[in-house]
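Engineer: my questions are about this predicted structure, shown below with the sequence.
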Amino acid sequence: MAATGGRRRRRGRAGAGEGGAVLRRLREARDDLLSSGFWAASAGAVRAPLGGGAEPPARCVCYGLGRFSGCAAARLQLAFLLLLLEELRVPPGRCSLFDPAFSAQEEAALGELGLRLLPENEEGKHGVGGSGTLFYMVHCGKALYNNLLWRNWSAGTLSRMVIIGNSFRGMEERLLSRIFERDYPYIAKVLKGTEEVALPAHPRYLDTFNDTSVHWFPLQKLKELSPEVWDFTEEPTYQDCDDLEIIRREDRAERRSPAAAEP
């Protein structure tokens, strides 16, 4: 991203009117969530981890939002994120986002909202450290969740996390157990230490928030897992995975290289 920063800034200024239109459509999406009652119905699921012993999040990381300037579903997901930050009292400046598909216009719009951009593709391997962290990952690939769990693989660290994204239980139900345990072992191993509450179904948003749940990891439940669970710390490689649903860091670099090589 740094190599193209100057070009992106020029494009951002030239498209200021377009950026205003994006923000206007985003406000409309927020109003839609509020007027439909979906946000009010979802608030209980959003607050469930706090009542279940999870640490209140001090910051947020969002992956895989998509092209919200042209996609109504992505816009609704971003509007939901902004409502979520308000509800949990996480300042926008403590929310970082990454999606390799973001345009310069979309990056500028996120900046206008006070949100931050992660500087590189982490492939989901974001360390929580000592802060309670909310991960917002609606409709992301399974490998991204698996990588995130691997990066924070200890009871003390996982207990500081809340993940809003694809249902872990749904993943288990849809995959053959041998494939699930081979390709996504960290999701498979943490299931018994996970609490999960689904967002409510709403006829207007069946494609936008389907299969989305709030997940958290109570420390006591994690401590009840067998010691062998924590002994396994191998970094995921997905060599045998036939349906890898994430963009790897090297994939992004390969797509940029031809343009970078031009005189």
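Structural biologist: Looks like it came in fine.

Engineer: so which bits of the lengthiest helix in the chain are buried?
Structural biologist: Scanning the chain for the helix with the most residues, using DSSP state H, yields helix 16-36. Going by neighbour count (16 or more other CB atoms under 10 Å), the buried part of helix 16-36 is 19, 22, 25-26, 29-30, 32-33. C-beta coordinates here come from the backbone N, C-alpha and C atoms, glycine included.

Engineer: and L222, its phi and psi?
Structural biologist: With angles defined as degrees, to the nearest 10, L222 sits at phi -70, psi -40.

Engineer: which ones are touching the nearest residue to F38 once chain neighbours are set aside?
Structural biologist: Sequence neighbours aside, H202 is the residue nearest to F38 in space, at 4.7 Å (criterion: CB to CB, 6 or more residues apart in numbering). By CB atoms under 8 Å, 6 or more residues apart in numbering, the residues touching H202 are 36-38, 41, 209.

Engineer: all the helices of the stretch 151-263 of the chain, residue numbers only.
Structural biologist: Assigned helices in the stretch 151-263 of the chain, in chain order: 155-158, 168-174, 177-183, 185-190, 219-223, 227-231, 249-260 (criterion: DSSP state H, counting those that start in this stretch).

Engineer: got those helices as a markdown table, with distance to G129, mean pLDDT and mean neighbour count columns?
Structural biologist: Output for the helices of the stretch 151-263 of the chain, formatted as a markdown table (distance: least, CB to CB, whole Å; pLDDT from 0 to 100; neighbours: other CB atoms under 10 Å):
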| stretch | distance to G129 | mean pLDDT | mean neighbour count |
| --- | --- | --- | --- |
| helix 155-158 | 8 | 97 | 18 |
| helix 168-174 | 23 | 97 | 15 |
| helix 177-183 | 27 | 95 | 14 |
| helix 185-190 | 18 | 98 | 20 |
| helix 219-223 | 17 | 97 | 15 |
| helix 227-231 | 19 | 95 | 10 |
| helix 249-260 | 21 | 46 | 11 |
